[in-house]
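[1] missing the sequence, but the structure's below:
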Ligand SMILES: Cc1cc2nc3c(=O)[nH]c(=O)nc-3n(C[C@H](O)[C@H](O)[C@H](O)COP(=O)(O)O)c2cc1C
Ligand SMILES: Nc1ncnc2c1ncn2[C@@H]1O[C@H](COP(=O)(O)OP(=O)(O)O)[C@@H](O)[C@H]1O
């Protein structure tokens, strides 16, 4: 998948009327997104067309509502997930305040039809674009008819008659309901980052933990202890992960994500890891003594081992 800053860049490589385009935020690249993208990919194969996804960086909510700490994936992870859906090109538009004031027609003219070889445009069932989200399917339809470009509307994808959306995924993550998040994502929810130094307490209490240096733009699951798997390079290790502020030690308000890998003794400081979440075991607690905490971590690790035995 090639990343472009302007669809104009396609002119040099492609001038036939064989480019299918879709536009969206695709945060999380959940099962609804993937169903939609697979349909487009199928059409592209059948029509011998290139598959172009148009998206925005940063996410519009960051600029329009000053939200932060809500993304399901980093932009780099989104690239990886979209590439795995078969996109040939990804246009990442800089989403600025100025950009947000474009009318739907200005947006389509400047950013989509800057390349005039587009054969089809696909819009998600709830996608709205342009200043104040005034552009919907009907606005786009009128514009595309004028350009003699086909416009396709995606039907809403549902799981057991309930909707699938990035908001639903975020709510499940915030609630620590990992099975629900995983069902909506159609894959295991994960957090990635480098292993950073902590307080060096883990080894002393017999449970070293790899502390994750995660992107602060990301949404973080509810505080608590989770059964997880940690991927380092191409190896996957079973693990237990604590998310929280380590209240037993009164370490402040910063939320740590730290994984103890089962049957593992290597030094992995500085390594890039991916923590995939399976289910929550319990809430984080303030223990009366370190011994009580260690006893509880031992029980958590035992539950995780039991879980993996039956997997
Ligand atoms: C499975 C697991 C469960 C944990 N549960 C709690 C908990 O309930 N309360 C708490 O204060 N700390 C909990 N911890 C966090 C420990 O306090 C933390 O790993 C320890 O302070 C080491 O911190 P460090 O990596 O900064 O050295 C847990 C850690 C693990 C691995
Ligand atoms: N089983 C294990 N799980 C996690 N980290 C381990 C394990 N064994 C060794 N380590 C190493 O120990 C480090 C964590 O030790 P710890 O005492 O908790 O220090 P810190 O507070 O700096 O995280 C990890 O970053 C990793 O390099």
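    Received the coordinates, thanks. Here the structure is a predicted model, which is why all the values come from computation and not from measurement. Ligands and ions are numbered 1, 2, ... in the order given.
[2] Low-confidence stretches in the chain?
    Across the chain, the stretches falling below the confidence threshold (pLDDT under 70) are 14-17.
[3] the helices in it, which residues?
    Read by DSSP state H, the chain holds these helices, from start to end of the chain: 31-47, 60-64, 75-83, 97-100, 104-107, 137-147, 166-174, 178-185, 201-204, 290-309.
[4] winner for burial among these?
    Scoring the helices of the chain by mean neighbour count under mean count of other CB atoms under 10 Å gives helix 178-185 as the most buried, with a mean of 22. The way it works is simple: take the backbone N, C-alpha and C, and place the C-beta from them, glycine included.
[5] Specify the angle between it and helix 166-174 in degrees.
    160 degrees (axes from the mean of the first three to the mean of the last three CA atoms, to 10 degrees).
[6] and the closest residue to ligand 1 within the stretch 51-200 of the chain, what is it in contact with?
    Closest to ligand 1 within the stretch 51-200 of the chain is residue 198: 2.7 Å, counting by CB to the nearest ligand atom. Counting by CB atoms under 8 Å, 6 or more residues apart in numbering, residue 198 makes contact with 209, 211, 256, 258.
[7] how about a markdown table for the helices of the chain, with distance to ligand 2 added?
    As requested, the helices of the chain are exported to a markdown table (distance: least, CB to the nearest ligand atom, whole Å):
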| stretch | distance to ligand 2 |
| --- | --- |
| helix 31-47 | 31 |
| helix 60-64 | 30 |
| helix 75-83 | 22 |
| helix 97-100 | 40 |
| helix 104-107 | 46 |
| helix 137-147 | 50 |
| helix 166-174 | 23 |
| helix 178-185 | 20 |
| helix 201-204 | 2 |
| helix 290-309 | 10 |
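[8] Output the ones you listed in JSON lines; the columns should cover distance to residue 242.
    JSON lines is the format used below for these (distance: least, CB to CB, whole Å):
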{"stretch": "helix 31-47", "distance to residue 242": "28"}
{"stretch": "helix 60-64", "distance to residue 242": "28"}
{"stretch": "helix 75-83", "distance to residue 242": "22"}
{"stretch": "helix 97-100", "distance to residue 242": "39"}
{"stretch": "helix 104-107", "distance to residue 242": "44"}
{"stretch": "helix 137-147", "distance to residue 242": "45"}
{"stretch": "helix 166-174", "distance to residue 242": "16"}
{"stretch": "helix 178-185", "distance to residue 242": "14"}
{"stretch": "helix 201-204", "distance to residue 242": "10"}
{"stretch": "helix 290-309", "distance to residue 242": "8"}
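[9] follow-up on the earlier one: show me the subset of the contacts of residue 198 that also lies near ligand 1.
    Among the contacts of residue 198, the residues that sit close to ligand 1 (CB under 6 Å from any ligand atom) are 209, 211, 258.
[10] Compute the number of surrounding residues for residue 127.
    Other residues near residue 127 number 18, with proximity taken as other CB atoms under 10 Å.
[11] quick one on the thing from earlier: quick one: which of the contacts of residue 198 is nearest to residue 189?
    The shortest gap between residue 189 and any of the contacts of residue 198 belongs to residue 258, at 17.0 Å (CB to CB).
[12] Help me confirm that the closest one comes into contact with residue 202.
    Yes - proximity of residue 258 to residue 202 meets the contact threshold set by CB atoms under 8 Å, at 7.4 Å.
[13] Give the residues shared as contacts by these two.
    In terms of CB under 8 Å, 6+ apart, residue 258 and residue 202 are both contacted by the residues residue 209.
[14] Those residues of the stretch 101-250 of the chain touching ligand 1, which are they?
    Taking CB under 6 Å from any ligand atom as the measure of proximity, the stretch 101-250 of the chain contacts ligand 1 at 198-202, 207, 209, 211, 225, 240, 242, 246-249.
[15] Spell out which two among the residues you listed are the most distant pair, please.
    Using CB to CB, those span at most 20.6 Å, a distance reached by 200 and 225.
[16] Which one's more surrounded, the two?
    Here residue 200 and residue 225 are compared on neighbour count by other CB under 10 Å; more neighbours surround residue 225, at 25 against 8.
[17] what's across from the more buried one in the sheet?
    The residues paired with residue 225 through beta bridges, assigned by DSSP bridges, are residue 242, residue 282.
[18] gap between it and residue 303?
    Counting by CB to CB, to the nearest Å, the separation of residue 225 from residue 303 is 9 Å.
[19] for residue 188, same thing?
    Between residue 188 and residue 303 the distance is 18 Å, computed by CB to CB.
[20] sorry, back to before: just the residues of the stretch 101-250 of the chain next to ligand 1: which are in strands?
    Of the positions in those, 211, 225, 240, 242 sit in strands, assigned by DSSP state E.
[21] If anything else comes up later, I'll come back, but that's it for now.
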